[in-house]
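Engineer: Sequence first, then the predicted structure:
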Amino acid sequence: MTAPFPHLHLPATARLRLRPLQASDAQRIFEIWSDPEVMRFYDVAPLTRIGQAEDVVARLMQDTAERSGVRWAIVSASEGRLLGTCGFRLNFAFRSASLGFELERRFWRQGLMREALDAAITYAYDRLGMNRLQATTDLHNHASTALLASLGFVEEGVMRQWGYWKGAFHDVRLLSLIRSDRQPGAARQMNQPRQPPAGRSGSNAG
Ligand SMILES: CC(C)(COP(=O)(O)OP(=O)(O)OC[C@H]1O[C@@H](n2cnc3c(N)ncnc32)[C@H](O)[C@@H]1OP(=O)(O)O)[C@@H](O)C(=O)NCCC(=O)NCCS
C-alpha cells in the first residue's frame with residue numbers, strides 16, 4: 001500500500017515516530033476524531049461510529065496507494081501509541097501539497113505537532129520533490145494558525161466562503177511555505193519574527 005513512496009517510516013524526534021496509517025488504527029482514529037474539540041474546525045462532524053473511522057482510514061490509505069496523498073500516524077517513540085495524524089494531499093505535477101493534521105486533545109501544547117510536522121515537511125521537500133506546501137485554516141483556528149507560523153508558513157490571505165460544511169459557509173486563511181523559504185531547523189527557532197516575501201500580507205499570528 002505504501003510502495004509508491006520512498007520509505008514512509010520517519011524517526012521524527014526522540015519523542016515521536018511517523019509511520020504510514022494502517023487499517024488497525026481505526027479505533028484510535030475514532031477516539032480522536034469523535035472529540036468535538038478536535039473536530040471543531042474540520043469540515044466533518046465529530047465521528048459517532050467506528051465504521052466512520054474505518055472509512056476515513058481506508059480513504060487515506062487509498063490516497064496513498066494512488067499517490068494522491070500521504071497520511072502518517074504520529075506515534076509515541078516509547079510505546080508506539082497513536083497520538084494523532086498528519087499528512088498531505090499531493091499534486092506532483094504542480095509540486096505542491098496541502099497539509100492536514102490533528103492531535104488527541106490531552107497532548108496539545110507540548111510541542112508534539114510542531115515536531116511531527118517538521119519531519120513531514122522535510123520529507124515532502126526532500127523525498128517527494130515538493131516545492132509549495134499550503135494549509136487552510138478556519139479564521140478562528142488560532143492554534144493551527146500559530147503552529148503553522150511557528151514553522152515558517154506565511155499567510156497569503158483569506159479565501160472567502162471557501163466551503164460549505166456544518167450548515168454554513170466558511171472563510172479560511174491560506175498559508176504557505178515555499179521550499180526556498182525554509183531554513184534548516186526552522187521549527188525549533190521559536191518566537192523569532194519571520195519576514196513575509198515582498199508584496200505579501202504580513203500577519204500570520206492566530
Ligand atoms: C492545531 C494542533 C494540531 C496543535 O498541536 P500541538 O501539538 O498542541 O501544537 P504544538 O504544541 O506543537 O504548538 C506549536 C506552537 O503552535 C502554537 N500553538 C499551538 N497551540 C496553540 C494554541 N492553542 N494557542 C496559541 N498558540 C498555539 C504555539 O506557538 C506553539 O508553540 P509554543 O507552545 O512554544 O508557544 C492541535 O491544537 C489540534 O489538534 N487541534 C485540532 C485539530 C485542528 O484544528 N487541526 C488543524 C486543521 S487546519
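Structural biologist: Okay, I see it.

Engineer: Contact residues of the chain facing the ligand?
Structural biologist: By the rule C-beta under 6 Å from any ligand atom, the part of the chain lying against the ligand is 38, 41, 101-103, 108-114, 135, 137, 141-144, 146-147, 150, 190, 206. Bear in mind the C-beta positions are built from the backbone N, C-alpha and C, glycine included.

Engineer: In helices, which of those appear?
Structural biologist: Per DSSP state H, helices hold the following members of the residues of the chain next to the ligand: 112-114, 142-144, 146-147, 150.

Engineer: Of these, select the buried ones using a PyMOL command.
Structural biologist: Per 16 or more other C-beta atoms under 10 Å, the buried members of those correspond to this PyMOL selection:
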select buried, resi 112+113+114+143+144+147+150
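
Engineer: ok, which pair from the ones in helices among the residues of the chain next to the ligand is furthest apart?
Structural biologist: 112 and 142 (17.6 Å; C-beta to C-beta).

Engineer: Okay, helices next: where are they in this structure?
Structural biologist: Going by DSSP H, the chain shows helices at 26-33, 50-65, 112-126, 142-150.

Engineer: tell me what the last one is packed against?
Structural biologist: Counting by 3 or more C-beta pairs under 8 Å, 6 or more residues apart in numbering; DSSP states H and E, the packing neighbours recorded for helix 142-150 are helix 112-126, strand 132-138, strand 168-178.

Engineer: Can you check what angle separates it from strand 132-138?
Structural biologist: Relative orientation of helix 142-150 versus strand 132-138 (axes from the mean of the first three to the mean of the last three C-alpha atoms, to 10 degrees): 160 degrees.

Engineer: Off-centre distance for helix 142-150?
Structural biologist: The chain centroid and the centroid of helix 142-150 are separated by 11 Å, computed with C-alpha atoms, centre = their mean, to the nearest Å.

Engineer: go on, the second one?
Structural biologist: From the chain centre to the centre of helix 50-65 is a distance of 16 Å (C-alpha atoms, centre = their mean).

Engineer: ok, now the first one?
Structural biologist: Distance of helix 26-33 from its chain centroid, counting by C-alpha atoms, centre = their mean, is 16 Å.

Engineer: And stretch 7-27, by the same measure?
Structural biologist: With C-alpha atoms, centre = their mean, you get 14 Å for stretch 7-27.

Engineer: cool, and stretch 103-114?
Structural biologist: Taking mean C-alpha positions (C-alpha atoms, centre = their mean), stretch 103-114 and its chain are 13 Å apart.

Engineer: Check the separation of the first and last residues in that stretch.
Structural biologist: One end of stretch 103-114 to the other measures 11 Å (C-alpha to C-alpha, to the nearest Å).

Engineer: what's the spacing between residue 147 and residue 111?
Structural biologist: Look at residue 147 and residue 111: by C-beta to C-beta, to the nearest Å, they are 10 Å apart.
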